[in-house]
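Q: no sequence for this one, just the structure:
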């Protein structure tokens, strides 16, 4: 009997493979970073071929460290950075260009052109998303218009599109030799092309973007068997049975299955998802309406999402661009050396401001500097910026949902930072809860795959597997919280109206 599930977590900065047991605990993992390609201001790219090579390598690492083979793996689940766009040749398997990452802002001109007829909410009643550079649709359109020969090849039916889940699945199932070209509803709901009610591509919206339907993958549920790993893979003949976009996967891994439950993931960006059940709730406060999950033939569950572009990548920026720290964990050490932020606020609008502001004209700002300010204050301000942005999103969720959350489940790499988690509880005024298994993104993909093949009997098994590790309670005085938030919102206004038509 196969006693394990393997999850492939293809993220923004790295790819991982994690082996989980029946209790949802991590047995072993492998991880490898890929290059962040930054050719121009606002452009962020990945080498999709490098990502696929890394995925194959980390699968081998995870299996070796777990001392298991394909015979011990019941199924494979995939989770991924969602809006990152890959376009490749269906015959050769070669990408036509680097993948355009979700953080990339080069498509603002396409957004403006489409918004000229109906505004940025032109398609939102159908797809749940505003027109923004964030989503895959404008990235596909940019590739077709700017990569030599891409338009003609796409119209001839030679090119395929996929987010990185689709790219990994296609390659894992054979690539040019019979690869399965499929995505799930959660990833499809991030393209600007999927009707939230029918869960199918909208031909009229594809036509508005001038994107051939032949490029698009088939949309399937989040938990079913899509195919099996091909014969040359270490996992050959193992069913691939779960796909969830990373934030929906983290929600599923947190066992937030019912309406009113939520989670916040602290990764490259920060993403708060609030489950609205089988109801489609359209936000009036700058949130996204998205698909939360769909299990086989069961009805889809929907969610409100607040997407923050820069959180963990802000710490990475302090390390790689400024050289203030050598390793990411050092940011907590520096932040603890000062009692407060010294009046310094960082607004990390490197790709504009996402939820709830949606201001593509914003750019990063550091305000409140004096001669007193030092790198410790910058480190603290960076961590605080993560918590402030989460508070902005949670306020929008409360307004849309009509109820106040009493606790927030958290996951992702930054939840190991105790100082950040305490400040988050202080700023929110609610309890923050970290699970035993903090890698809930991969766990969610494993859960979906396991359900599809009967490894777990139902959601009750997954709920029973979830366990609390630590809880932080608010300690800050209300007056102090209000003062800090007032200053933060003042700082946010300083980042706006920065990009002019001739900005570089």
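A: Cool, the structure landed. Since this is a predicted model, take the numbers as computed values, not measurements. Numbers count the residues shown, from 1 in each chain.
Q: Work out the gap between stretch 192-202 and the centre of the chain.
A: Centre-to-centre, stretch 192-202 and its host chain are 20 Å apart (CA atoms, centre = their mean, to the nearest Å).
Q: ah, wrong one, I meant stretch 295-302
A: 20 Å.
Q: Now do the end-to-end distance for it.
A: Using CA to CA, to the nearest Å, one end of stretch 295-302 lies 12 Å from the other.
Q: ok, and what's touching that stretch?
A: Here stretch 295-302 makes contact (CB atoms under 8 Å, 6 or more residues apart in numbering) with 185, 196, 199, 221-224, 257, 275-281, 289-294, 448, 451-452. Quick note: C-beta positions are derived from backbone N, CA and C, even for glycine.
Q: Please list only the buried members of those.
A: Neighbour counting over the contacts of stretch 295-302 (16 or more other CB atoms under 10 Å) leaves 185, 196, 199, 221-224, 257, 275-277, 280-281, 289-294, 448, 451-452 as the buried ones.
Q: Which SSE is immediately downstream of the longest helix belonging to the chain?
A: Assignment by DSSP state H gives helix 375-401 as the longest helix of the chain. Later in the chain than helix 375-401, the nearest helix or strand by DSSP states H and E is strand 407-411.
Q: Give me the angle between that next one and helix 375-401.
A: If you take axes from the mean of the first three to the mean of the last three CA atoms, to 10 degrees, strand 407-411 sits at 120 degrees to helix 375-401.
Q: For strand 407-411, which strands pair with it and how are they oriented?
A: Looking at strand 407-411 with DSSP bridges, its partner strands are strand 262-266 (parallel), strand 431-435 (parallel).
Q: Give the rounded mean pLDDT of the first one.
A: This points to strand 262-266. Mean pLDDT, strand 262-266: 88.
Q: Likewise for stretch 292-304?
A: Averaging pLDDT along stretch 292-304 yields 96.
Q: how about that stretch: buried residues?
A: Neighbour counts over stretch 292-304 (16+ other CB under 10 Å) mark 292-295, 300-304 as buried.
Q: Which of the three states applies to the residue in the chain sticking out farthest from the centre?
A: Within the chain, residue 371 marks the point farthest from the mean C-alpha position, 37.8 Å out by CA atoms, centre = their mean. Here residue 371 is recorded as coil under DSSP: H, G, I helix; E, B strand; the rest coil.
Q: can you check residue 145 too?
A: Following three-state DSSP, the label given to residue 145 is helix.
Q: So what's the predicted local confidence for the closest residue to it other than its chain neighbours?
A: Among residues not flanking residue 145 along the chain, residue 151 sits closest, at 6.9 Å (CB to CB, 6 or more residues apart in numbering). Residue 151 carries a pLDDT value of 97.
Q: Is residue 495 in contact with residue 362, as I believe?
A: Yes. Residue 495 is in contact with residue 362 according to CB atoms under 8 Å; the separation is 4.5 Å.
Q: between the two, what contacts are shared?
A: Counting by CB under 8 Å, 6+ apart, the residues touching both residue 495 and residue 362 are 347, 349, 353.
Q: Tell me, how many residues neighbour the second one?
A: In this case it means residue 349. By other CB atoms under 10 Å, 25 other residues sit near residue 349.
Q: okay, it: pLDDT?
A: 92.
Q: wait, what's in contact with the closest residue to it other than its chain neighbours?
A: Residue nearest to residue 349 in three dimensions, not counting chain neighbours: residue 362, with 3.9 Å by CB to CB, 6+ apart. For residue 362, the contact set (CB under 8 Å, 6+ apart) comprises 347, 349, 352-353, 495-499.
Q: switch to 7 Å and redo it
A: 349, 352-353, 495-496, 498 (CB atoms under 7 Å, 6 or more residues apart in numbering).
Q: Could you identify the pair within those residues that is furthest apart?
A: 353 and 498 (10.5 Å; CB to CB).
Q: between these two, which one's more packed in?
A: Ranked by neighbour count (other CB under 10 Å), residue 353 and residue 498 place residue 353 first, with 26 against 15.
Q: Would you map the strands across the stretch 101-250 of the chain?
A: Per DSSP state E, counting those that start in this stretch, the stretch 101-250 of the chain carries strands over the ranges 159-162, 182-184, 218-220, 223-228, 239-245.
Q: Just name the most buried of the ones you listed.
A: Of all those, strand 239-245 has the most neighbours on average by mean count of other CB atoms under 10 Å, namely a mean of 30.
Q: got a list of what residue 315 touches?
A: 328, 331, 382 are the contacts of residue 315 under CB under 7 Å, 6+ apart.
Q: do that again at 10 Å, thanks
A: Counting by CB atoms under 10 Å, 6 or more residues apart in numbering, residue 315 makes contact with 268, 324-325, 327-332, 348, 379, 382-383, 386, 413-414, 417, 420.
Q: related to what we said a few turns ago, so can I have TSV of the strands of the stretch 101-250 of the chain showing distance to residue 53?
A: Shown next, in TSV, are the strands of the stretch 101-250 of the chain (distance: least, CB to CB, whole Å):
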stretch	distance to residue 53
strand 159-162	17
strand 182-184	21
strand 218-220	26
strand 223-228	21
strand 239-245	19
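Q: Which of those strands sits closest to residue 79?
A: Residue 79 lies closest to strand 239-245 among the strands of the stretch 101-250 of the chain, at 5.3 Å (CB to CB).
Q: and the direction of that closest one versus that of strand 223-228, what angle?
A: 120 degrees.
Q: Now do strand 239-245, average pLDDT.
A: Confidence for strand 239-245, expressed as mean pLDDT, is 98.
Q: ditto for stretch 467-483
A: Summarised as a single mean, pLDDT over stretch 467-483 is 95.
Q: cool, and stretch 447-463?
A: 96.
Q: and the end-to-end length of it?
A: This stretch, stretch 447-463, spans 10 Å end to end (CA to CA).
Q: Report the buried residues of it.
A: Across stretch 447-463, burial judged by 16+ other CB under 10 Å covers 447-453, 455-456, 461-462.
Q: Go through the residues you listed and flag which are in helices.
A: Assigned to helices by DSSP H, the following of the buried residues of stretch 447-463 qualify: 447-452, 461-462.
Q: Output the below-cut-off pLDDT ranges for the chain.
A: Segments of the chain classed as low confidence (criterion: pLDDT under 70) are 403, 501-504.
Q: switch the cut-off to 80
A: Scanning the chain for pLDDT under 80 picks out the ranges 1, 307, 401-406, 500-504.
Q: Only the buried subset of the contacts of residue 315, as a ChimeraX command please.
A: Command for ChimeraX that selects the buried part of these, burial taken from 16+ other CB under 10 Å:
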select :268,324,325,328,331,332,348,379,382,383,386,413,414,417,420
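Q: Inside strands: which ones of the contacts of residue 315?
A: Assignment to strands by DSSP state E places none of those there.
Q: for the closest residue in space to residue 51 that isn't next to it in sequence, what are its contacts?
A: Nearest non-adjacent residue to residue 51, counting by CB to CB, 6+ apart: residue 34, 5.5 Å away. The neighbours of residue 34, taking CB under 10 Å, 6+ apart as the test, are 10-15, 46-48, 50-55, 99.
Q: Of the residues you listed - the most surrounded one?
A: Counting neighbours by other CB under 10 Å, the top entry in the contacts of residue 34 is residue 99, with 29 neighbours.
Q: just the helices in the stretch 51-200 of the chain please.
A: Taking DSSP state H, counting those that start in this stretch, the helices of the stretch 51-200 of the chain run over residues 108-115, 124-127, 136-146, 150-155, 164-172, 185-188.
Q: Might you report the residue contacts of residue 51?
A: Residue 51 neighbours (CB under 10 Å, 6+ apart): 10-11, 14-15, 32, 34-35, 80-81, 84, 86, 95, 99, 164, 167-168, 171.
Q: change it to 7 Å
A: Listed by CB under 7 Å, 6+ apart, the contact set of residue 51 reads 10, 15, 34, 164.
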